[in-house]
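*Asks:* got a sequence here, can you build the structure:
(chains A and B)
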Amino acid sequence: MSVCTLRIDNRDVAIAAGASVLEAARAAGAAIPTLCHLDGLSPVAACRLCLVELEGSDKLQAACVTAVADGMQVRTDSPRLREIRRSVIELLFTEGNHVCAICVANGHCELQDLAVTVGMDHSRLPYRFPDRHVDLSHPLFGLDHNRCILCSRCVRVCDEVEGAHVWDIGWRGEHCRIIAGLDEPWEAVNACTHCGKCVEVCPTGALFHKADTSEEKQGHPERLQALVHARNHQQWQP
Amino acid sequence: MSGACLRICTAASCRSRGAETLRQRCSALLESANSASATQGVAGRDVTVKGVGCLGPCSEGPLLAVDAAAGGSRLFSLGTNGQAGSAAVIEAAIKAVAADLHTAVADGDGSAVAQWSPPHSRELPADDPFLALQLRRVLAQCGRIDPAEIADALAAGAYRQLQAVLQRNDPAGVIELVRRSGLRGRGGAGYPTGLKWATVAAMPGGEKVVVCNADEGDPGAFMDRTVLEGDPHTLLEGMAIAAHAVGADRGFIYVRAEYPLAIERLRIAIAQAEQHGWLGTAIAGSDFSFHVELRVGAGAYVCGEETALIHSIEGRRGVPRPRPPYPAQRGVFGLPTLINNVETFANIPALLRLGPEAYAPGTKVFSLTGQVRRSGVLEVPMGTPLRTIVETMGGGAPAGRRIKAVQTGGPSGGCVPASALDTPVDYESLQALGTIMGSGGMVVLDDTTNMVDIAAFFMAFSREESCGKCIPCRSGTVQLEMLLRKLLSRQASELDLAQLERLCPVVSEASLCGLGQSAPRPVLSTLRHFRGDYLALLEPTPAAPPQEQNP
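*Replies:* Purely as a prediction, here's the structure:
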């Protein structure tokens, strides 16, 4: 197996060729914020939080989909990147209806945590208060579109890991929303196996167990990662 | 020699002014005249009528050209010079023309028609700058041939370059010619075409795909539509030559559903080319096969972005994905794919006919529209000054007004101020001004235009057409449009202007695909050249705002 050496934030890193810059940065201890990315799911480079600067290029690259190369020089933090990351989080907050105090995910929300990380003490852009709905048709779970950030983790986990493809994204632009089946109530989609993987990978309180009340929802991405690891390596005993 | 041919433009613009009715009337009239002379035992009158593609100055339409068999051609405008006529007015005009033509036909053997001038028409002299300053290579046969008749195209030389290429059977040589010509992608980005072809040709694997991007969606752009409607065979020939050069045997034309006439003409052209052995299996007796499929878009502007276009062809949701891998590496169905725009492919036959040295620097087709006296489609040598196109050819702004700016490149482009009209149109010069060459849409704006309004229009377009995959574009374009609307309603302060200038680079630097990355450009370019328009809209900031409503 060949190895690439690169420099990330003035630290030399050696990592297997084919790895992503994000993996290399994490190995080097550089904290790159991510939201749509989740180990175990295919990368889509949609949230743009993991953008990094590459020496010799003016164009920012998403670390999750950029492969490492020998001699690459990566900068994961700069005023420019910080401005983008804060703006992205602000744009996410303003396009949905995120009310932490009454949210099931309060205290365990990746969006909330990132707001703290990027220093978003307030939004410089006006909140849009969109008219969004809640799907409580499923017997076990709920989907609150007000809290959805369209990271598409649920779409990918259901398609790639569970193989059910209950979820997809409907419509376009600001009208995008997660849809079950052909835009049916969740309960009406027979493909759903009630496995709950979508709930476990959801970074916010958009997908939740009906039994949860405020602050009670905890994501469990590690369960997905254990499952993917077990499948990939055929190791079913922990 | 007597006889004449009437060419009536039946492309979208003239068709909307009744040109197709006119063509049908004239055809029927000649047919009855011919059958009458046949029964009387006299020689048939040597007059033909055909519907052709765009003749150029669309604002003068409906357009009609009279070719005398003895040589010489005269172009007539039956239009009301930019004044949109009511259906009744158009109907009356068509009737008058048909009646007069009837008399001309009855008069003689066709020589009368060759001398004929339609009533209420205006002849556009051949030395009219709009016509005389053009260099029609891509559009050489557009407006001359009947796009629904391959025999007409073949007589005009269609597929001759393909035949020569197949006889020489030297794909690398063709790529080298394209490279030497310096041809760059005409879809907007200007990527060197020869390099793109060479990359796809060098990819391993026996199965490759050629895709023609005919998803022309910029507001004010209708160059590709003109080619598709007027001369689809030149495009098909260019695609087949490209396929042979890169080693592909499958092709897709991705055309937007909003171009029904172009789709119809393409369907006819593909079927006829297959019948005549210029597409399909064993083309022209060689072992080269090339099968072209037409794919019709479903109304998403973003599907003009190449990775979204690939997804759409594959039957998936039309959203862009990060590159690399580039389509040349992994394109349609994972195969190495060459994607070029309509005009790029349509350049290829002319390029090979002239040779790379005589061809360079090539031409560019523009669609001139907006607040200009004469609008339409024109093809000029690369590097022609904007002023020549807009003022000399287009006649400048309407009476009593002055040109304020020229918008190029659609929602991905920007505005060139009137002071910079002497800029030659080429990729670098326009980029230096903060806009882009783009695909060729050129919208003239006069001094009644508020540039903030223009920026808001394009931002609303980008907002509407954002696919929603990445946040900076999905949500950033909404916030940018809100800021621009706030300015337009005179409720914005300097802080809002600062916010606008802060958010623009975030959207352009952080968005995933080219559409999001270039969405702020109409704002940035108008801020750069017309900052005064923005400042004039700011509400005066009181020194101490006691009853300020907004935080």
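*Asks:* now the phi/psi pair for the residue nearest the centre of chain A, please.
*Replies:* Per CA atoms, centre = their mean, the C-alpha nearest to the average position across chain A is that of residue A:36, at 2.5 Å. Listed backbone geometry of residue A:36 is phi -80, psi -30, with angles given as degrees, to the nearest 10.
*Asks:* so who does it touch?
*Replies:* A:43-47, A:64, A:151-153 (CB atoms under 8 Å, 6 or more residues apart in numbering or on different chains). In this view, the C-beta of every residue, glycine as well, is placed from N, C-alpha and C.
*Asks:* and what of residue B:130?
*Replies:* Contacts of residue B:130 by CB under 8 Å, 6+ apart are B:56-57, B:124, B:374, B:376, B:378, B:393-395.
*Asks:* tally up the residues packed near residue A:29, please.
*Replies:* 10 (other CB atoms under 10 Å in any protein chain shown).
*Asks:* same check, this time on residue B:103
*Replies:* Applying other CB under 10 Å, I find that residue B:103 has 10 neighbouring residues.
*Asks:* how far away is it from residue B:24?
*Replies:* For residue B:103, the distance to residue B:24 (CB to CB, to the nearest Å) stands at 19 Å.
*Asks:* can you list the domain ranges for chain B.
*Replies:* B:4-126, B:150-359, B:363-446, B:451-535 (automatic domain parsing).
*Asks:* I'd say residue A:38 and residue A:224 touch.
*Replies:* Yes. Shown here, residue A:38 and residue A:224 form a contact pair, counting by CB atoms under 8 Å, at 7.2 Å.
*Asks:* what is the nearest of the contacts of residue A:36 to residue B:141?
*Replies:* residue A:45 (43.9 Å; CB to CB).
*Asks:* any stretches of the chain with poor pLDDT?
*Replies:* Since you didn't name a chain, this refers to chain A. Scanning chain A for pLDDT under 70 picks out A:1, A:238.
*Asks:* um, chain B though
*Replies:* B:1-2, B:37-45, B:80-86, B:107-109, B:541-551.
*Asks:* for chain A, what are the nearby residues on it?
*Replies:* B:300, B:302, B:317, B:321-322, B:463-472, B:474-479, B:482, B:499, B:502-503, B:506, B:509-512 (CB under 8 Å from any CB of the partner chain).
*Asks:* mind listing what residue A:45 touches?
*Replies:* Residues counted as contacts of residue A:45 (CB under 8 Å, 6+ apart) are A:36, A:62, A:64-65, B:321-322, B:470, B:512.
*Asks:* and with 10 Å instead?
*Replies:* Listed by CB atoms under 10 Å, 6 or more residues apart in numbering or on different chains, the contact set of residue A:45 reads A:36-37, A:51, A:61-66, B:320-322, B:469-470, B:512.
*Asks:* circling back to that earlier point, of the residues of chain B next to chain A, buried ones?
*Replies:* Buried subset of the residues of chain B next to chain A (neighbour count, 16 or more other CB atoms under 10 Å in any protein chain shown): B:300, B:302, B:321-322, B:463, B:465-472, B:474-479, B:482, B:499, B:503, B:506, B:509-512.
*Asks:* so how many other residues sit close to the nearest residue to residue B:197 once chain neighbours are set aside?
*Replies:* Sequence neighbours aside, residue B:175 is the residue nearest to residue B:197 in space, at 4.8 Å (criterion: CB to CB, 6 or more residues apart in numbering or on different chains). Other residues lying near residue B:175 total 23 when counted by other CB under 10 Å.
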